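Asks: sequence first, then the predicted structure, then my questions.
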Amino acid sequence: MSKDKYPNIEAERARRGLTQKEFLALIGYKERETYREWIKYLKEND
């Protein structure tokens with residue numbers, strides 16, 4: 001995944017007014033832990 005494709009996924013989620021649960025459903029993830037790991041990976045590889 002390109003690091004500049006999703007530079008700040010949390011900001012995008014907030015901009016759309018979505019909860020983490022709603023955003024997970026939108027992107028096709030079912031567990032928050034997967035989401036947290038994805039965010040952690042993106043931050044570490046910034």
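Replies: Looks like it arrived, so ask away. What you see is a predicted model, and the numbers here were worked out from it, not measured in a lab. Numbers count the residues shown, from 1 in each chain.

Asks: all contacts plus neighbour counts: C-alpha atoms, from now on.
Replies: Will do.

Asks: OK, contacts around the residue nearest to the spatial centre of the chain?
Replies: Geometric centre of the chain, nearest residue: Ile9, 4.5 Å, by Cα atoms, centre = their mean. By Cα atoms under 8 Å, 6 or more residues apart in numbering, the contact set of Ile9 is Ile39.

Asks: what's the longest helix in this protein?
Replies: Across the chain, the longest stretch assigned as helix under DSSP state H is helix 32-44.

Asks: so how far is stretch 22-42 from its chain's centroid?
Replies: Relative to the chain's own centre, stretch 22-42 is displaced by 5 Å; criterion: Cα atoms, centre = their mean, to the nearest Å.

Asks: C-alpha coordinates for stretch 8-24, CSV please?
Replies: Written as CSV, here are the backbone C-alpha positions of stretch 8-24 (Å, rounded to 0.1, in the frame of the first residue of the first chain):
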residue,chain,number,x,y,z
ASN,A,8,-4.4,10.4,7.5
ILE,A,9,-7.2,7.8,7.6
GLU,A,10,-8.5,9.0,11.0
ALA,A,11,-8.9,12.5,9.7
GLU,A,12,-10.8,11.2,6.7
ARG,A,13,-13.1,9.2,8.9
ALA,A,14,-13.8,12.2,11.1
ARG,A,15,-14.3,14.5,8.1
ARG,A,16,-17.0,12.2,7.0
GLY,A,17,-18.6,12.1,10.4
LEU,A,18,-18.3,8.4,10.8
THR,A,19,-17.7,6.3,13.9
GLN,A,20,-14.9,3.8,13.8
LYS,A,21,-17.5,1.0,13.6
GLU,A,22,-19.3,2.8,10.7
PHE,A,23,-16.0,3.3,8.9
LEU,A,24,-15.0,-0.3,9.4
